[in-house]
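[1] Sequence plus predicted model, see below.
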Amino acid sequence: MTKRASKAERWALITGGRMRPLVPSEAAEVALLADLLAEPSAWAEPRPSLEEEVVQLVVDAGPSLHVATQPQQITRRPSRRFAMAGGAALAAAAIVVVALFAGVLVGQHDQRFAFDARLEATALAPGAHASVGVMHTPAGFRVVLEAHELAPLPDGQYYEAWLKSADGTGVPIGTFSSGKDYVTLWAGASPEDYPMMSVTIEAADNNQASSGRAVLVGQLHAV
């Protein structure tokens with residue numbers, strides 16, 4: 001690849017194109033690697049002789065390429081040619097690190113998430129959307145929701161997530177108040193039996209039934 005990749009392309013390269021959400025620590029690592037891949041030098045085709053040239057430049061620089069005892073005293077600045085070659089080598093190394101990290105990340109996700117989904121907005125929340133990943137654990141099903149463009153609700157209201165079966169039976173899996181961060185929910189029912197997911201607006205009125213005011217809806221699929 002010789003052209004500079006877009007942000008979406010860089011994230012897809014690192015995550016293997018997965019749409020499922022990342023936990024915050026993984027998202028921070030992916031963002032750091034995506035910034036490294038934003039450097040134009042990372043996408044430049046290296047010369048076939050680059051490796052030999054870098055090695056020779058290091059040999060030629062010899063002991064004169066060092067920092068003196070006092071940090072402000074530098075005996076010799078590396079040449080522009082050496083700096084450029086070194087930068088290209090570092091960029092190549094960064095790509096290798098990214099590729100290795102991507103393999104580990106994708107492998108972990110393939111083991112972690114058993115189901116995922118893309119939730120789309122209803123007329124009650126135009127422009128909203130969310131991605132969902134579900135992991136099977138000994139305690140039940142851990143559901144990670146990453147929602148976008150969900151407006152803050154007034155006092156006395158909250159968002160509630162549900163799993164639903166084909167006959168419309170709903171199982172509540174947790175509540176939250178904002179779509180500005182990852183939300184972790186828990187389900188005791190399997191998405192195999194309750195494959196539909198929705199998010200509704202509820203009121204603190206002691207009524208445990210769904211209000212039916214859905215803002216996000218979608219279907220879970222086995223990974």
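    Happy to help now that I have it.
[2] Identify each buried residue in stretch 134-154, please.
    By 16 or more other Cβ atoms under 10 Å, the buried positions in stretch 134-154 come out as 134-135, 141-147, 150. (C-beta placed from N, C-alpha, C; glycine too.)
[3] Quick one: mean pLDDT for it?
    Taken as a whole, stretch 134-154 carries a mean pLDDT of 92.
[4] Got the domain ranges for the protein?
    Structural domains assigned to the chain are 7-112, 115-222, following automatic domain parsing.
[5] where among these is the average confidence lowest?
    domain 7-112 (a mean of 58).
[6] Asp205 in helix, strand or coil?
    Put simply, Asp205 is coil when judged by DSSP: H, G, I helix; E, B strand; the rest coil.
[7] Count the residues that sit near the nearest residue to Ala125 once chain neighbours are set aside.
    Spatial nearest neighbour of Ala125, chain neighbours left out: Val215 (3.8 Å); criterion: Cβ to Cβ, 6 or more residues apart in numbering. Neighbours of Val215 under the rule other Cβ atoms under 10 Å: 24.
[8] quick one: Val215 and Tyr159 touch, right?
    Yes. Taking Cβ atoms under 8 Å as the definition, Val215 is a contact partner of Tyr159 at 7.3 Å.
[9] which residues do these two both contact?
    150, 199-201 (Cβ atoms under 8 Å, 6 or more residues apart in numbering).
[10] tell me which of the residues you listed is nearest to Ser210?
    The shortest approach to Ser210 among the shared contacts of Val215 and Tyr159 belongs to Thr200, at 5.6 Å (Cβ to Cβ).
[11] First-to-last residue distance for stretch 140-158?
    Start-to-end span of stretch 140-158 (Cα to Cα, to the nearest Å) is 24 Å.
[12] same thing with stretch 176-187?
    From its first residue to its last, stretch 176-187 covers 15 Å (Cα to Cα).
[13] And stretch 35-50, by the same measure?
    Using Cα to Cα, one end of stretch 35-50 lies 24 Å from the other.
[14] how many other residues sit next to Glu52?
    10.
[15] what does the one 5 residues further on give?
    The number of residues packed near Leu57 is 19, by other Cβ under 10 Å.
[16] Which parts of this protein are helices?
    With DSSP state H as the criterion, the chain has helices at 7-15, 24-37, 50-61, 80-112.
[17] sorry, back to before: could the buried residues of stretch 134-154 go into CSV alongside distance to Val55?
    Listed next are the buried residues of stretch 134-154 as CSV, based on distance: Cβ to Cβ, whole Å:
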residue, distance to Val55
Val134, 50
Met135, 46
Phe141, 53
Arg142, 49
Val143, 52
Val144, 46
Leu145, 50
Glu146, 45
Ala147, 51
Leu150, 54
